[in-house]
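[1] Structure for this input, please:
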Amino acid sequence: MELPLWNEKRYAPYKVAALVEVLEEQGIAPEASLSGTGLLPESLANPETLTSVRQYITVCHNALQLSKTAETPFRTGSRIPLSAYGMYGFALVSSPTIREYFQVAVKYHRLATPLLSVSWREEGDYASWIFPNNGAVTHPDSLLRFLMEQQLTQLATHLRDVLDSDTYLPIRAELSYSTPDHTHLYKRYLRCPAQFGQPMSQLIYPKSILSAKPRLAHGLTSKILRDTCDRILGEVKTSTGVAGEVYHIIASTPGHSPSMEEVARQIATTVRTLNRKLHAEGTSFTQILDDVRCNLASEYLRSTKLSIEDISELVGFSEATNFRHAFRRWTGSTPARFRP
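    Just a heads-up that it's a prediction; the model follows:
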């Protein structure tokens, strides 16, 4: 059974609009591209329109049937600017370094019509975007490849735009699926060789890119925008999907941190199923617990005169020292310095 998250309409239609535009240039009517979505062509220009992941996947299915060129997902990925992501995009653009850009991109990925899971890692001389195999969300091979081609193009295009330079191009792309007939398109759009049939999919850069500075880097602006993204992400987690249910249960028990077993019982499921569903929504029980504790602690620090020890107890820590360490890990600040 697919998760409710896929049906929730909370994303601006910029990805849908980009794909419909690319298909229209091939002579495909927008009505045909949008078939089965319930969307009208004129709604894509309405700033109040919200779409779901499921609706975008439907347009991708249509594209696979109607498109006249294998270049469609690459063209679409190259036409989605970071500014289309709103606060999330501006937080990326203003990141002080590319290392922080990677961190912001992964942390707030749920704000950007997430089609595939994405993470990053630094290993040896390389830094890589990683696309974990997600058993909870399955697609036919042709659709998975379509989504991956679009996602890879977006990531590569965005980094080039942020750095305004070709100094740091990817070294190579590794893909877990078999070699397609259009391998030359990977070279054209990603600007690097591609290897297929690999253990997992990743886009690999030289490690030196992590210390590079985006051309619009600004530490204070980045911090303000990340705070805004935290609030938006918190709203998403508290109102949608299984993650929202878990968030509400944990947040309703101040001073006590329920175990995953307790939460699973409350929503009438097993720990294994709960873990799988949270993973499919791009989060985990530990991440939600940290989010609840961080948000509660931040609110107590902003709006009350409670001692650090009292706040520590209220958010579920038995030792104030452990709370101080955790708060610094969550926010980069000590509780005392965080207070206005």
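
[2] List the contacts of stretch 160-173.
    Applying Cβ atoms under 8 Å, 6 or more residues apart in numbering, the contact partners of stretch 160-173 are 81-82, 92-93, 95, 98, 101, 126, 152, 156, 159, 186, 190-195, 201-206, 208-209, 212, 214-216. All C-beta spots, glycine's among them, are computed from the backbone N, C-alpha and C.

[3] cool, stretch 77-92 as well?
    12, 14-15, 18, 21-22, 93, 101, 104-105, 108, 111-112, 149-154, 157-158, 161-162, 189, 221-222, 225-226, 228-229, 232.

[4] and the contacts of stretch 160-173, which of them are in strands?
    The strands in this structure, assigned by DSSP state E, contain Y126, A194, Q195, S201, Q202, L203, I204, Y205, P206 from the contacts of stretch 160-173.

[5] what about the longest helix in this protein?
    In the chain, assigned by DSSP state H, the helix with the most residues is helix 141-163.

[6] Give the rounded mean pLDDT of it.
    Within the predicted structure, the mean pLDDT of helix 141-163 is 93.

[7] starting at the chain centroid, how far to stretch 61-75?
    For stretch 61-75, the gap between its own C-alpha mean and the chain's C-alpha mean amounts to 23 Å (Cα atoms, centre = their mean, to the nearest Å).

[8] Can you get me the start-to-end distance on it?
    16 Å (Cα to Cα, to the nearest Å).

[9] Would you indicate which residues of the longest helix of the chain are buried?
    For helix 141-163, a neighbour-count test (16 or more other Cβ atoms under 10 Å) marks 143-160, 162-163 as buried.

[10] Any idea how far that helix is from the middle of the chain?
    Using Cα atoms, centre = their mean, the mean C-alpha position of helix 141-163 is found 13 Å from that of the whole chain.

[11] between that helix and strand 201-206, how big is the angle?
    For helix 141-163 against strand 201-206, the angle by axes from the mean of the first three to the mean of the last three Cα atoms, to 10 degrees is 20 degrees.

[12] Beyond helix 141-163, next helix or strand please.
    Of the helices and strands lying after helix 141-163 in sequence (DSSP states H and E), the nearest is strand 172-174.

[13] For that following strand, which strands pair with it and how are they oriented?
    Under the criterion DSSP bridges, strand 172-174 sits next to strand 194-195 (parallel), strand 201-206 (antiparallel) in its sheet.

[14] Could you say which of those strands is packed most deeply?
    Stretch with highest mean neighbour count among these: strand 201-206 (a mean of 22; mean count of other Cβ atoms under 10 Å).

[15] now the next helix or strand after that strand, how far from the centre of its chain.
    Heading C-terminal from strand 201-206, the first helix or strand you meet, by DSSP H and E, is helix 219-239. Per Cα atoms, centre = their mean, the displacement of helix 219-239 from the mean C-alpha position of its chain is 13 Å.

[16] can you list the residues that contact helix 219-239?
    Identification of contacts with helix 219-239 by Cβ under 8 Å, 6+ apart yields 10, 87-88, 90-91, 94-96, 100, 104, 107-108, 110-111, 243-244, 247-248, 251, 283, 288, 291, 295.

[17] cool, and stretch 105-116?
    Contacts made with stretch 105-116 from outside it, assessed by Cβ under 8 Å, 6+ apart, are listed as 11, 14-15, 51, 53, 56-57, 85-89, 91-92, 118-120, 131, 134, 147-148, 150-151, 226, 229, 232-233, 236, 281-283.

[18] So for this protein, the centremost residue is which one?
    In the chain, the centroid-proximal residue (Cα atoms, centre = their mean) is H109; its distance is 1.3 Å.

[19] so how far is S119 from it?
    Distance, H109 to S119, using Cβ to Cβ, to the nearest Å: 9 Å.

[20] Over to I311?
    31 Å.

[21] So which of those two has more stuff around it?
    Higher neighbour count among I311 and S119: I311, with 21 against 15, using other Cβ atoms under 10 Å.

[22] In the helix or strand containing the more buried one, which residues are buried?
    Element membership for I311 (DSSP H and E) is helix 308-314. Along helix 308-314, these residues count as buried under the neighbour rule (16+ other Cβ under 10 Å): I308, I311, S312, E313, L314.

[23] Repeat that for stretch 328-340.
    Buried residues in stretch 328-340, counting neighbours by 16+ other Cβ under 10 Å, are found at W330, T331, P335, F338.

[24] got the phi/psi numbers for the nearest residue to the last one once chain neighbours are set aside?
    Spatial nearest neighbour of F338, excluding adjacent residues (Cβ to Cβ, 6 or more residues apart in numbering): L301 at 5.3 Å. Dihedral angles phi and psi of L301 (degrees, to the nearest 10) take the values phi -70, psi -40.
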